[in-house]
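> Sequence first, then the predicted structure, then my questions.
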Amino acid sequence: MEKLSLMKIINLIAICLLSISMHVYADTPGEIKVGATLPPATLHALTGKSGKFTDFRGKPLIINVWASWCGPCRAEMSSLENISRRFGGKQLNIIGISTDDDAYAAKSFVKEAKLSFSNYIDNNVILEYMLGANTIPLTILVDAHGRVLQKIRGSQV
């Protein structure tokens, strides 16, 4: 009897963990999967000038999806800035995409953090859905041809 109860408990825990992990990493509508190529979606300038994902082809690209109110997002920005200052524009490109509804808050954070890499705003959730940013921060590694290589969820400080 005791083994049966223990097995039921283990199965229940496994089912709960599976349902939690499925919920956390569920796809967003229209999400670009790892291995797929980024479409030429419009990037609305927060700093710098507006453009498209295709403008960054030819070098690897790091995309960081963030928000000014997100503590883990803010914590990892200095690491991204260090990478940008060392390699940005030469061997790779780094861009940030803010999910803030308030462009002023996002611009203020960029200024406060002294970010040198281009940042864009997605206050209509199109890019969030496309990139699969159901959690932030989200860092996406893209090859020189625009193909998504990896998605890294959470802060990487």
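Received it, and whenever you're ready, just let me know what you need.

> Distance of the residue nearest the centre of the chain relative to N119?
Nearest to the geometric centre of the chain sits L138, at 2.5 Å (CA atoms, centre = their mean). Using CB to CB, to the nearest Å, we find L138 at a distance of 15 Å from N119. Backbone N, C-alpha and C define where each C-beta goes, glycine included.

> List of residues touching stretch 113-125?
Stretch 113-125 is contacted from outside by 43-48, 50, 65, 74, 77-78, 80-81, 84-85, 88, 93-101, 103, 106, 110, 127-128, using CB atoms under 8 Å, 6 or more residues apart in numbering.

> Now for the nearest residue to the residue nearest to the centre of the chain once chain neighbours are set aside, how many residues are close by?
Nearest-residue entry for L138: V65, 4.3 Å, with adjacent residues in sequence omitted and distances by CB to CB, 6 or more residues apart in numbering. By the criterion of other CB atoms under 10 Å, V65 has 26 neighbours.

> what do you get for P137?
26.

> I figured it hits N64, correct?
Yes - here P137 lies in contact with N64, judged by CB atoms under 8 Å, at a distance of 6.2 Å.

> list the residues that contact both of the two?
With CB under 8 Å, 6+ apart, P137 and N64 have common neighbours C73, E76.

> Now the phi/psi pair for A113, please.
When read as degrees, to the nearest 10, the backbone of A113 gives phi -80, psi -10.

> Mind pulling up the pLDDT for it?
A113 carries a pLDDT value of 94.

> What ranges does the chain have for its strands?
In the chain, the strands defined using DSSP state E lie at 42-45, 51-52, 61-66, 93-98, 118-121, 138-142, 148-153.
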